[in-house]
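[1] Pasting the sequence and the predicted coordinates here, then a few questions.
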Amino acid sequence: MDCKTNFDPGQLKTTSDSLTCSKCGKQTPLSPAPEWLRRVYPPAELIVNGFLRTGDGDKPAETSRPVVFSCPQCGGALKVNGEDRLTDCPYCEVSVYLPDDLWFRLHPAKVKRRWFVVFKGDPVIDDSE
């Protein structure tokens with residue numbers, strides 16, 4: 001929850017897939033604890049606002065469409081897709097190093113997020129009612 005308002009413990013249900021902030025209305029993901037965590041610590045039940053990797057954790061995320069950038073040597077258009085910081089100009093064959101502002105636009109910095117683990121036996125997730 002970006003506004004840092006405490007969430008209502010009554011919203012923590014194993015059958016829900018998100019929480020809604022009572023102050024700003026932002027949806028926060030809610031998911032079952034992953035199997036590896038339940039093996040290590042069986043009482044783990046839910047993850048709130050967590051980023052859970054699937055099998056493609058090493059695959060780079062799509063951050064932007066390709067960008068046209070001019071070669072500083074000849075002025076030719078360079079197609080930049082963000083895969084490599086060094087690209088070759090197809091016209092004058094010089095290697096061009098992408099400037100920080102363009103590179104960071106294609107690869108934004110990761111932002112820390114608050115996240116929580118909810119455990120079995122915690123009265124706030126008792127679904128028996």
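    Received it, and whenever you're ready, just let me know what you need.

[2] any idea how far the residue most central in space within the chain lies from residue 29?
    Geometric centre of the chain, nearest residue: residue 51, 6.3 Å, by C-alpha atoms, centre = their mean. Look at residue 51 and residue 29: by C-beta to C-beta, to the nearest Å, they are 8 Å apart. The C-beta positions use only the backbone N, C-alpha and C, and glycine is treated the same way.

[3] again with residue 111
    Applying C-beta to C-beta, the value for residue 111 to residue 29 is 15 Å.

[4] So the two - more neighbours on which side?
    Legend: neighbour count by other C-beta atoms under 10 Å for residue 111 and residue 29, higher for residue 29 (14 against 5).

[5] Please tell me how far that one sits from residue 43.
    As judged by C-beta to C-beta, residue 29 and residue 43 stand 21 Å apart.

[6] Please, where are all the helices along this protein?
    35-40, 100-106 (DSSP state H).

[7] looking at the ones you listed, which has the lowest confidence?
    Mean pLDDT values for the helices of the chain show the minimum at helix 100-106, a mean of 87.

[8] quick check: domain ranges of this protein?
    Split into domains by automatic domain parsing, the chain comes to 9-52+111-124, 67-106.

[9] And for residue 91, nearest residue in space, chain neighbours not counted?
    Excluding its sequence neighbours, the residue lying closest to residue 91 (C-beta to C-beta, 6 or more residues apart in numbering) is residue 76, at 3.7 Å.
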